[in-house]
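S.K.: Have a look at this fold, sequence not included:
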């Protein structure tokens, strides 16, 4: 999640504790308090992260006392044909920003998200903490949830991501312990996980990761933003995540956010990102929004940048404690079996206007892109795209929009790499169940993103977060084709 936003003061002890966790072994809290601009930027980031966590925990406690936490009445659904109906993965958890992955050779489905107000152990353990859900039947039933790791000493865990290694069925996870991005794997369908590995030892901090893996799982690539002020970094592993090397990709005045990664059959790596500047009054975001594709043909050692589109910052978020550019979400990326790509992103035509969701395709590994195709309605604010692909041009997409005055999640698909698309289908179809849902939709998208995946049976599965405000508490919602 991005954190470079206008700040308010927070407890110095908490900030320094986060900094101690974020710095490398050679950089203690004293180094973090120095005048190095890298460290000053980290102080700002850590300050906001700590403050937002405390505010979310306060909102959670208020909901518990008011009896409004989680499911408060029967969930009623009106599912579209071919869909099972939207469900919440935990009735009482304050769950945020889910990731999903599906095994292309079976019906195992995995969901990873963080939860506020819980701890995986006694003592100094993270809050929020990462929760793992596993289904072996395409999301029809779920095992008891588990923690990803105790991760003692981390103050909080954020930005989860999951991939299933196609040739082995192993599950790979990436997430942040404070501002250290970690990797772990599971070879027993998520029951146990390897010891977490820090993926950028030589970079002081990292934020907003995204990653992809080769079919055999040996080559793993993580893109993230880092010092001094949101530049692109890329970490790569060529031994299944055991060891890592990192390169700096950009050196500019733009803050970058990675949202999509694909490793193509010829080994090319493609990362899709947006960038904006925080040069406005009180470090506010300013347009334009640039939409990027970064590619590497040498196992992540060097990267080529292409600016695919340029749009504007859209309608600001006015939810409690929300930052204005929260809805300016990044570009999802889907690859089919041949390595052909579809790139789905959103942005406004004019500053402060409604965002439109667009799709472009590439058949040359992201070197050139088709003209954009509009996926969302005209003059309706839309954002939070997710995409997945398989086969020959088989692409699945969802996005959220406010056509009813509330948020809803809509699904579209293409069998010809985005030349044509099916009619939009509503998949956030529950009309009751919580204080933030009714027949028109839900109040606020909870988290910067959700994800979509395709099971071994060819069915689409999707997750996203919903809540009453940016602060929550909210829940992770799931729907599946059947």
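M.R.: That came in fine, so what should we check first? Keep in mind it's a predicted model, so treat the numbers as computed, not measured. Numbers count the residues shown, from 1 in each chain.

S.K.: measure residue 147 to residue 380 for me?
M.R.: Distance of residue 147 to residue 380, given as CB to CB, to the nearest Å: 39 Å. C-beta: built from backbone N, CA, C; applies to glycine.

S.K.: Which residue ranges of the stretch 201-350 of the chain form strands?
M.R.: All strands of the stretch 201-350 of the chain, identified by DSSP state E, counting those that start in this stretch, fall at 207-213, 220-226, 231-237, 245-248, 255-263, 269-277, 286-296, 304-311, 332-335, 341-348.

S.K.: I'd like those strands written out as CSV, with mean pLDDT added.
M.R.: Converted to CSV, the strands of the stretch 201-350 of the chain look like this (pLDDT from 0 to 100):
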stretch, mean pLDDT
strand 207-213, 97
strand 220-226, 98
strand 231-237, 98
strand 245-248, 98
strand 255-263, 97
strand 269-277, 98
strand 286-296, 97
strand 304-311, 98
strand 332-335, 98
strand 341-348, 98
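
S.K.: Save those strands as CSV, and put in mean neighbour count and distance to residue 357 too.
M.R.: Listed next are the strands of the stretch 201-350 of the chain as CSV, based on neighbours: other CB atoms under 10 Å; distance: least, CB to CB, whole Å:
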stretch, mean neighbour count, distance to residue 357
strand 207-213, 25, 19
strand 220-226, 27, 22
strand 231-237, 24, 23
strand 245-248, 16, 31
strand 255-263, 25, 13
strand 269-277, 25, 13
strand 286-296, 21, 12
strand 304-311, 16, 11
strand 332-335, 27, 10
strand 341-348, 28, 5
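
S.K.: Any chance of CSV for these, columns distance to residue 356?
M.R.: Formatted as CSV, the strands of the stretch 201-350 of the chain follow (distance: least, CB to CB, whole Å):
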stretch, distance to residue 356
strand 207-213, 23
strand 220-226, 25
strand 231-237, 25
strand 245-248, 33
strand 255-263, 17
strand 269-277, 14
strand 286-296, 12
strand 304-311, 8
strand 332-335, 15
strand 341-348, 6
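
S.K.: quick revisit: between residue 147 and residue 380, who's got more neighbours?
M.R.: Legend: neighbour count by other CB atoms under 10 Å for residue 147 and residue 380, higher for residue 147 (19 against 14).

S.K.: what's across from that one in the sheet?
M.R.: Beta-bridge pairing for residue 147 (DSSP bridges): residue 131.

S.K.: how about low-confidence regions in the stretch 351-482 of the chain?
M.R.: For the stretch 351-482 of the chain, no stretch is flagged by pLDDT under 70.

S.K.: mind listing the strands for it?
M.R.: 355-362, 373-374, 382-390, 394-401, 408-414, 425-426, 437-438, 441-442, 444-445, 451-454, 460-467, 475-480.

S.K.: Adding distance to residue 314 and mean neighbour count, write these out as a markdown table.
M.R.: Listed next are the strands of the stretch 351-482 of the chain as a markdown table, based on distance: least, CB to CB, whole Å; neighbours: other CB atoms under 10 Å:
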| stretch | distance to residue 314 | mean neighbour count |
| --- | --- | --- |
| strand 355-362 | 4 | 25 |
| strand 373-374 | 15 | 14 |
| strand 382-390 | 8 | 26 |
| strand 394-401 | 12 | 26 |
| strand 408-414 | 17 | 22 |
| strand 425-426 | 22 | 18 |
| strand 437-438 | 24 | 21 |
| strand 441-442 | 18 | 24 |
| strand 444-445 | 13 | 24 |
| strand 451-454 | 22 | 24 |
| strand 460-467 | 19 | 27 |
| strand 475-480 | 24 | 28 |
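
S.K.: want to throw those strands into a markdown table with distance to residue 312?
M.R.: Listed next are these as a markdown table, based on distance: least, CB to CB, whole Å:
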| stretch | distance to residue 312 |
| --- | --- |
| strand 355-362 | 9 |
| strand 373-374 | 16 |
| strand 382-390 | 13 |
| strand 394-401 | 17 |
| strand 408-414 | 23 |
| strand 425-426 | 28 |
| strand 437-438 | 31 |
| strand 441-442 | 25 |
| strand 444-445 | 20 |
| strand 451-454 | 26 |
| strand 460-467 | 25 |
| strand 475-480 | 30 |
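
S.K.: now for those, which one comes closest to residue 185?
M.R.: Nearest to residue 185, of all these, is strand 451-454, at 17.6 Å by CB to CB.
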